[in-house]
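Visitor: have a look; sequence and predicted model below, questions after that.
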Amino acid sequence: MFLLAGPVAFGAIALGLGLLPLPYPLFVVLQRLPLAFPLHMVASGLALILIPIAAFLRRRRAVHRIAGRAAAVCVAIGGVTALAVAMASEATIVARAGMFVQGLVWLGLLAAAVMAIRQGAVTRHARLMIAMAAVASGAIWLRLTVYGALAAGLPFDPVYATATWACWIVPLILSVLLSSRPESKTAELAPGRLSRVEV
């Protein structure tokens, strides 16, 4: 997923900044949301880049904290504006609902992850961040699904409507299942100190 995140992220940022021509459906959304749409594209694209960076730097606490906070800001902006973009879209009601719920889930996981780390629950925080990354990956899988459907000559609307739900729900379920496996070690951060409990 990380190898695919870069091109999708930079493509979204370029579209948000007006460096690439928008497909007509996105151009319509831009006309309706001249501020929220570019913010959504740029913030969400940056989130796709910053989330894996924060995860990669998790053992370097100071740098991880900076990258994590930057990612959280981008997710917050990208998630809030995603709600407006979903409502302004010309897609079917099912597709718009899928995008809207994805934004809500993304914001909910962010809030839960922030709360977990403030409570010192490092393991729960990590699992929530993995889930948040899985929901973010929906942007990648959605594009791949749409390109594949167009190449195969499949009807766009039903494929897009299904994909706007499946492309983030399936990764989310898989991330929850994989991150819930029993571990030999768990780490919890008490306020002001790090303690590791051997099981």
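Guide: Received the coordinates, thanks. Not measured: the values here are computed from a predicted model.

Visitor: tell me where this protein has helices.
Guide: Assigned by DSSP state H, the chain shows helices spanning 2-16, 24-32, 36-56, 61-88, 93-118, 122-136, 138-152, 156-179.

Visitor: in CSV: these, plus mean neighbour count and mean pLDDT.
Guide: Just so you know, the C-beta spots here come from the backbone N, C-alpha and C atoms, and that holds for glycine as well. Output for the helices of the chain, formatted as CSV (neighbours: other C-beta atoms under 10 Å; pLDDT from 0 to 100):
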stretch, mean neighbour count, mean pLDDT
helix 2-16, 17, 85
helix 24-32, 15, 94
helix 36-56, 22, 95
helix 61-88, 19, 95
helix 93-118, 18, 96
helix 122-136, 22, 94
helix 138-152, 16, 92
helix 156-179, 17, 94
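
Visitor: just give me the residue closest to the centre of the protein.
Guide: Closest residue to the average C-alpha location of the chain: residue 136 at 1.9 Å, with C-alpha atoms, centre = their mean.

Visitor: I figured it hits residue 106, correct?
Guide: Yes - when contacts are counted by C-beta atoms under 8 Å, residue 136 is listed as touching residue 106 (6.8 Å).

Visitor: the residue nearest to the centre of the chain and residue 157, how far apart?
Guide: According to C-beta to C-beta, to the nearest Å, residue 136 stands 24 Å off from residue 157.

Visitor: and if you look at residue 23?
Guide: Applying C-beta to C-beta to residue 23 and residue 157 gives a distance of 15 Å.

Visitor: what does residue 149 give?
Guide: Residue 149 is 10 Å from residue 157, by C-beta to C-beta.

Visitor: could you dump stretch 23-30 to PDB, C-alpha only?
Guide: C-alpha atoms of stretch 23-30 as PDB (Å, rounded to 0.1, in the frame of the first residue of the first chain):
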ATOM      1  CA  PRO A  23     -12.100  15.400 -14.400                       C
ATOM      2  CA  TYR A  24     -15.500  16.900 -15.100                       C
ATOM      3  CA  PRO A  25     -17.200  15.400 -11.900                       C
ATOM      4  CA  LEU A  26     -14.500  16.900  -9.700                       C
ATOM      5  CA  PHE A  27     -14.600  20.200 -11.600                       C
ATOM      6  CA  VAL A  28     -18.300  20.400 -10.700                       C
ATOM      7  CA  VAL A  29     -17.400  19.900  -7.000                       C
ATOM      8  CA  LEU A  30     -14.800  22.600  -7.200                       C
END
